[in-house]
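1. My questions are about this predicted structure, shown below with the sequence.
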Amino acid sequence: MKLKTEPYVINVGPQHPSTHGVFRLRLTMDGEKIIDAEMIIGYLHRSMEKLAEERTYTQNIPFTDRTDYIAAMTGNLAYVMAVEKLMEIEVPERANWLRTIMAELQRLASHAMAGGTFANDCGTWQTPVMHMIRDREKVLDLFEMACGARLTTNYMRIGGVSRDIPPEFLPAMTKLLKELPDRIDEYEDLLLNNEIIIARSRGIAVLTPEEAIAYSLSGPMLRGSGVAWDLRKADPYAAYDKVEFDIAVGTKGDAYDRFAVRMAEMRQSVRILEQCAEMIPEGPIHARLQTATVQPIGNPVAPLVVRPPEGEAYARIESPRGELGFYIVSDGGPSPYRFHIRAPSYINLTPLKKMTVGMTVADAVVVLGSVDIVVGEVDR
Amino acid sequence: MPILAKWYDFRDLGNAIGALQDQILDWGAPDWVPYVVSGIIAVVGILLWLLVSQIVFIWIERRVIGLMHNRIGPNRVGPMGLLQGVADAIKLLLKEAITARATDKILFWAAPIAIFIPAMVVFAVIPFGEGMVLSDLNVGVLFFLAIGSINTIAVFAAGWASNNKYALIGAMRQIGMLISYELVQVFALLSVVILVGSMRMGDIVAWQSGNDVWMFAIQPLAFVAFIIAGLVEVNRSPADLSEAESELTAGYHTEYSGIKFGFFYAAEYFATFALSGVIVTLFMGGWTLWGAEEWVPGFLIFVTKLYAVFFLFIWARGTLPRLRTDQLMSFSWKFLLELMFVQILVIGLETLIWREQAYDASTVLPIFGVINWVLAIGLVVLWARMLGHGTPRTAGKRATLTQEIGKIYYEGAAGPGA
């Protein structure tokens, strides 16, 4: 007897425990098999790129906290780097090291979150994510110490950072760095060697290096596919050219490898931070901005705002999710003429259809977890 | 005639019931009255115990999982949060039970009831102590199997009636899981029944007590297989595929709220208690503890063991990731079922030799135990190897570290999940 069957549509999200925000995946299913997947985004769209055109360059820094709210520091950093490039500002040495410290702490915090939620998507009942959030919280404590905020840090400034770290910051960081390797070992032992995690994520959502490059992926997605590409080495910024670290790459290009790459990167971050704690020099934390770029010429009563010269600049950094770039066009006025964010979460999502079709719903959740999206950054 | 001859006779509540029955007969009531009265008392007693255990264990589970999660867990309601279960129950009772418009109303109402009743009924055949069993059926094991699988019908009814795709997928998964694991469960119980020669739960406990050995020491494979199959049957993590929070939001009970959801929630606990009870009875000596039952009331020993087994399930929930549907099923069909075939064969042979030769139990059981343990470990390792476990494909691998930018380390895709 032949049963009459027909495909049906199932909406994963916008309210769903595993979409990591208000992301919607419209799946056409044949039984438990996905035959079509459509991404529907925009539920968290706040029009940041347009809003930024109405605000001054300094006022835009808090916006960059709120694009990728899991990793606010790296958002700050990429933006101020773009403005500095536009204004040709030389950042003092100590500020560069502080930026490196903050960016790497942020990577630890973000990867802890990504790894935990990935394990959650594989079906562990919250345990790994809770343990990893413990580590993330410790990092956020450090942020609080440095800039007063935990989540939306607003720490970087055009030409430097907003304030110097307090004297107790480095000892606290060193203490955390002593604890972390053991914990990362524990996660790797318990999760990477976990029979069920391997069964759930090995061979799922494979992307070959050619495909990954063709989709313009970056970050752990690209490195998971085996391409050794890291902007911290390829196009060093801040103080990354002065520290030693390795690039972690996967060999199979599947969800498991992306997870393994994140875990290995946490270890490398610890290594970078240890060097930073030793090598950070004393000195100013903020460059002096030229009066000409701050004060409007011929209008002494206008407020003192940053006015970069006419031109355009693109600055990119290796955020926890991949290449985060800010493209800014200036017409010489107090606010950007055009403001664009190259959001890694958004671009890393593009191969989602290719990765999910032919899988089951259970796999789709794992795939989405391995991409590690932050919907604030996808929708902006 | 006093209800209890001596105050310490509470060790066996059966005495009190017996005295009460005599008393009622003395009053000149017809024969069936004491039977019904004692039955009602026992049912009420079991239900009260179940409810109290459930409420306490909701708290224990949440506190224990909290410890595993590095957090505190409920600590606000009552001393140390002990009244959290009560508060939850009241909340569920007072909450509106929403019935969506497109649901199949009758089935939607029937499903919570259909899942709740069998979960309680199983306790009718589980002996809490010597003689403390509501109905000492001579086919108690069969009764457990029959009643235990009714909950699948209820789950399917709930998923179907909800008219929700998540619920339907959850329900479909439940059916698939039942079909896969019912056989394993039956075989695991069968091997116990073959060795003991009785399906009466009381006999199985008496056999273990008489031979001074717990069944899991003789049949480790059946024990493990039964726990795994039982986990799947009662839908607890890591086999909670039909709820699968991270995939199906709440699976088959996505559309349920209020007390109807409470029924599902309670039924899961009851079913897990029942499963733990059966495990304790069949594999862990029931109410006996090497003579301690002379001094400690048997039902306390039984309940303590039951809680210990329940703790194991909480532990598993806090530890293990969830398998995919097809992986869970292939684990049953390709792995457990074959092992159970061998298990049945071996146990059958052993029993046959024992009966034919009329060996003394104290000489033959240790030998059987050793044989079965060696066989169990050997078979599991061998069969896992044959299925491709332990090959590099299924081994964990950390990321490769490199300094060379732009180099490609891709080695070709691994096959789909092991």
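-> Here it is on my side, so go on. Numbering: from 1, shown residues only, chains lettered A, B, ... in the order given.
2. I'd guessed B:Phe299 sits against B:Pro127; true?
-> No - applying Cβ atoms under 8 Å, one finds B:Phe299 not in contact with B:Pro127, separated by 9.1 Å. Yep, even glycine has a C-beta here, placed from its N, CA and C like the rest.
3. So is the helix or strand harbouring B:Val193 next to chain A?
-> Using DSSP states H and E, B:Val193 sits within helix B:165-196. Yes - against chain A, helix B:165-196 shows contacts by Cβ under 8 Å from any Cβ of the partner chain at B:Lys165, B:Tyr166, B:Ile169, B:Met172.
4. Nearest to chain A, out of those residues: which one, please.
-> B:Lys165 (4.7 Å; Cβ to the nearest Cβ).
5. which stretch of helix or strand covers A:His340?
-> Assigned by DSSP H and E, A:His340 belongs to strand A:338-342.
6. same check, this time on A:Tyr327
-> In the assignment (DSSP H and E), A:Tyr327 maps to strand A:322-330.
7. Kindly report the same for B:Ser237.
-> B:Ser237 is part of no helix or strand when elements are defined by DSSP H and E.
8. Okay, it and B:Ile72: tell me how far apart.
-> Going from B:Ser237 to B:Ile72 by Cβ to Cβ, to the nearest Å gives 21 Å.
9. In contact with A:Glu312, which residues are there?
-> Residues in contact with A:Glu312 (Cβ atoms under 8 Å, 6 or more residues apart in numbering or on different chains) are A:Leu86, A:Tyr327, A:Ile328, A:Val329, A:Ser330, A:Arg338.
10. any idea how far A:Arg338 is from it?
-> 8 Å.
11. who touches both of those two?
-> Taking Cβ under 8 Å, 6+ apart as the criterion, A:Glu312 and A:Arg338 both touch A:Tyr327, A:Ile328, A:Val329.
12. Now the stretch 201-350 of chain A against chain B: closest residue?
-> Closest to chain B within the stretch 201-350 of chain A is A:Gly226: 3.2 Å, counting by Cβ to the nearest Cβ.
13. of the contacts of A:Glu312, buried ones?
-> Restricting the contacts of A:Glu312 to buried positions leaves A:Leu86, A:Tyr327, A:Ile328, A:Val329, A:Ser330, with burial counted as 16 or more other Cβ atoms under 10 Å in any protein chain shown.
14. The last one reaches A:Leu86, doesn't it?
-> Yes - A contact is recorded between A:Ser330 and A:Leu86 when judged using Cβ under 8 Å, the distance being 5.7 Å.
15. Name the residues contacting each of those two.
-> Shared contacts of A:Ser330 and A:Leu86 (Cβ under 8 Å, 6+ apart): A:Pro308, A:Pro309, A:Gly311, A:Glu312, A:Ala313.
16. count of neighbours near A:Gly283?
-> Using other Cβ atoms under 10 Å in any protein chain shown, the number of residues around A:Gly283 comes to 11.
17. Excluding chain neighbours, give the residue nearest to it in space.
-> Residue nearest to A:Gly283 in three dimensions, not counting chain neighbours: A:Arg94, with 4.3 Å by Cβ to Cβ, 6 or more residues apart in numbering or on different chains.
18. Now for that neighbour: which residues touch it?
-> A:Asp164, A:Ile280, A:Pro281, A:Glu282, A:Gly283, A:Pro284, A:Ile285 are the contacts of A:Arg94 under Cβ under 8 Å, 6+ apart.
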